[in-house]
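In: Could you look at this predicted model? Sequence included:
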Amino acid sequence: MSKLKIYFTMLISMVVIASCSKDKFDANAQMAIDEELIKKHIATNNIPATKHTSGLYYQIITPGTGKTISSSSTVYVQYIGKLLSGTTFQEQTGSTVPLNLGTTIQGWQIGIPLIKEGGQIRLIIPSPLAYGKNSPSASIPAKSVLDFTIYVSKVQ
């Protein structure tokens, strides 16, 4: 192998290693940052939320009386998703959307089973339980805390 090839191989390796270290996402550190943001949001808006052991905050608006929800359930939902700034990034109201709960963000998988069919819940989800360092769309920045109000009309 020529010296030039060795040089380029080493250079490319260093670039790859350097770029990987910049992409590290410390979920615990981010959870601490999000915790402070959530506490401030809850206090400012007088939200009677409860903290789950996962770090998720929730408010059961209506507990529901129907079927129990599990991570393998298909839930038919209407929801509004907002950033802590109050900006709505997604709204599905008027008609229900079926979702396999096991394929949704972790915050939904943890929070939605806290109610039953016919229930409504507000979930304030720290970024490690949502999209983390990723930005799923232009309307949801990376490391965003998400605030959902979700109505579950049907469970299968």
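Out: Cool, got the structure. Since we're looking at a predicted model, the values are computed, not measured.
In: In this protein, where is pLDDT below threshold?
Out: The model of the chain has pLDDT under 70 over residues 1-23.
In: Kindly confirm my reading that residue 78 is in a helix.
Out: No - read with DSSP: H, G, I helix; E, B strand; the rest coil, residue 78 is strand and lies in no helix.
In: Skip the chain neighbours and tell me the closest residue to residue 90.
Out: residue 81 (4.2 Å; C-beta to C-beta, 6 or more residues apart in numbering). (C-beta placed from N, C-alpha, C; glycine too.)
In: helices and strands around the strand or helix carrying the one you found, which ones?
Out: Using DSSP states H and E, the element containing residue 81 is strand 74-83. Here strand 74-83 touches strand 88-100, strand 146-155, going by 3 or more C-beta pairs under 8 Å, 6 or more residues apart in numbering; DSSP states H and E.
In: Please produce TSV containing those strands, extended by mean neighbour count and distance to residue 119.
Out: Listed next are these as TSV, based on neighbours: other C-beta atoms under 10 Å; distance: least, C-beta to C-beta, whole Å:
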stretch	mean neighbour count	distance to residue 119
strand 88-100	12	14
strand 146-155	21	6
